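Novice: Using only what follows, build the 3D model:
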Amino acid sequence: MTAPATTHPTRYWHPLDDGRVQCDVCPRNCQIKEGQRGLCFVRGCEDGAVVLYTYGRSSGFCVDPIEKKPLNHYLPGTPILSFGTAGCNLACRFCQNWDMSKSREMDTLAAVASPQAIARSAKSLGCRSVAYTYNDPVPFLEYARDTALACRELGLKNVAVTAGYINPGAREDLFGAMDAANVDLKGFTEDFYRKLCGGHLAPVLETLEYLKHETRVWFELTTLIIPGYNDSDAELDAMTAWVSGHLGPDVPMHFTAFHPDWKLLDAPPTPPATLTRARELALANGIRYAYTGNVHDSAGGSTWCHACGHLLIERDWYRIGAWGLDAGGCCTGCGTPCPGVFEAEHGTWGARRLPVRIDATQT
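Specialist: Residues are numbered from 1 along each chain as shown. As a prediction, this is how the structure comes out:
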């Protein structure tokens, strides 16, 4: 079902003296005239106010393994209903979901669903949580937050998959409705963020420190390792040392493989050895849980006790094998707690990916 673009009021904006309005949801602070849209393309100015064009509309819904977000320490093995809209507030040349995040066509948003319909569908499908993903939830903040609140009413958890490029105020609104997050720390230099992402590093680091020190949101980090751009020992060492020092040793880090896409077609795919090197640097800097991703590496994808080396969660891609946690989330080898959110038994969803349709007539 395709619906015409509709507008929804937004909260984070203010008028300027010259007749324009400024969107305050993210550090871009787009200043736009009547009828114009911001860089994300889904927030624009109508009748002297910033409105959202994608409320209630999605590029599609799919039940995924939660490990695909990726989250390795949050309800392992459980299914999560994933959806996104269109548009993004960064301009990453290497975007792996560019067909959605860079879309300028509202026909991309062929699925229509209210927050309540999404929550009820997730519950009926047996999902434990809902993920706001594919494109970043920051541009569709109001839709994501309303859906998250509807999910909480039904006992479901909420997961933001985000680049963390968001302003204070909006940051509190979004993460106040979330239970977990995976934050994409794209690199660790201002030059990388400016040239390859069209943004800045500092706001992302501020979001990470906010999550760690001012919320109870469980979060993990992901870095897409791009050969020749953010894969040097110096940058990886600086990044992992900062995470260990500012966020602590228990924040899991995922180092994932790049493949040429969107506007970055000249860089080669990431060699598995580069991901292993990044993981080893992280471990050497005190990160207790470092993972490789987008490659077949059971050792690098599994969770090991930092105290005794016991295998806690064996993973083969998104499938869970051996389970070495007791009912309290502690190592069965030595009793050391494993940080995260675990249950007495892991889920059994496996690696399935199940596209679903949601009844648009539900309210």
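
Novice: quick one: the helices in the protein?
Specialist: Assigned by DSSP state H, the helices in the chain fall at 98-101, 115-124, 141-153, 170-175, 190-192, 202-214, 233-242, 272-284, 298-301.

Novice: Contacts for the shortest one next, please.
Specialist: Outside of helix 190-192, the residues that reach it under the criterion Cβ atoms under 8 Å, 6 or more residues apart in numbering are 186, 200-202, 229-230, 235. In this view, the C-beta of every residue, glycine as well, is placed from N, C-alpha and C.

Novice: For it, which residues meet the burial criterion?
Specialist: Across helix 190-192, burial judged by 16 or more other Cβ atoms under 10 Å covers F192.

Novice: same thing with the second one?
Specialist: For helix 115-124, a neighbour-count test (16+ other Cβ under 10 Å) marks 115-123 as buried.

Novice: Who are the packing partners of that helix?
Specialist: strand 79-84, strand 129-132, helix 141-153 (3 or more Cβ pairs under 8 Å, 6 or more residues apart in numbering; DSSP states H and E).

Novice: Out of these, which is closest to G35?
Specialist: Nearest of the helices and strands packed on helix 115-124 to G35, taken as Cβ to Cβ: helix 141-153 at 20.4 Å.

Novice: which strands and helices sit next to that closest one?
Specialist: strand 8-9, strand 49-52, helix 115-124, strand 129-132, strand 157-162, helix 170-175.

Novice: Run me through the strand neighbours of the fourth one, direction for each.
Specialist: With DSSP bridges as the test, strand 129-132 is paired with strand 79-84 (parallel), strand 157-162 (parallel).

Novice: Ends of stretch 111-119, what's the gap?
Specialist: Start and end residues of stretch 111-119 are separated by 15 Å (Cα to Cα, to the nearest Å).

Novice: tell me what the lengthiest strand in the chain is packed against?
Specialist: Longest strand in the chain by number of residues, with DSSP state E as the criterion: strand 218-225. Applying 3+ Cβ pairs under 8 Å, 6+ apart, we find strand 218-225 packed against strand 180-184, helix 202-214, strand 253-257, helix 272-284.

Novice: could you redo those as CSV and give each row mean neighbour count, distance to D64 and mean pLDDT?
Specialist: Rendered in CSV, the data for the helices and strands packed on strand 218-225 read as follows (neighbours: other Cβ atoms under 10 Å; distance: least, Cβ to Cβ, whole Å; pLDDT from 0 to 100):
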stretch, mean neighbour count, distance to D64, mean pLDDT
strand 180-184, 24, 12, 98
helix 202-214, 17, 22, 98
strand 253-257, 24, 15, 97
helix 272-284, 19, 22, 98
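
Novice: Using a markdown table, lay out these together with distance to E142.
Specialist: Below are the helices and strands packed on strand 218-225 laid out as a markdown table (distance: least, Cβ to Cβ, whole Å):
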| stretch | distance to E142 |
| --- | --- |
| strand 180-184 | 18 |
| helix 202-214 | 19 |
| strand 253-257 | 29 |
| helix 272-284 | 36 |
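
Novice: if we compare these, which one ends up closest to G329?
Specialist: The nearest among the helices and strands packed on strand 218-225, by Cβ to Cβ, is strand 180-184 at 14.9 Å.

Novice: how far does the closest one sit from the chain's center?
Specialist: Put simply, strand 180-184 sits 4 Å off its chain's centre (Cα atoms, centre = their mean, to the nearest Å).

Novice: swap in stretch 111-118?
Specialist: 20 Å.

Novice: Ok, stretch 112-122 next?
Specialist: Averaging C-alpha positions (Cα atoms, centre = their mean) puts stretch 112-122 20 Å from its chain's average.

Novice: cool, and stretch 351-359?
Specialist: Centre-to-centre, stretch 351-359 and its host chain are 19 Å apart (Cα atoms, centre = their mean).

Novice: Let me see the residues that make contact with that stretch.
Specialist: Stretch 351-359 has contacts (Cβ under 8 Å, 6+ apart) with 60-65, 68, 79, 81, 111, 113, 117-118, 121, 125, 317-319.
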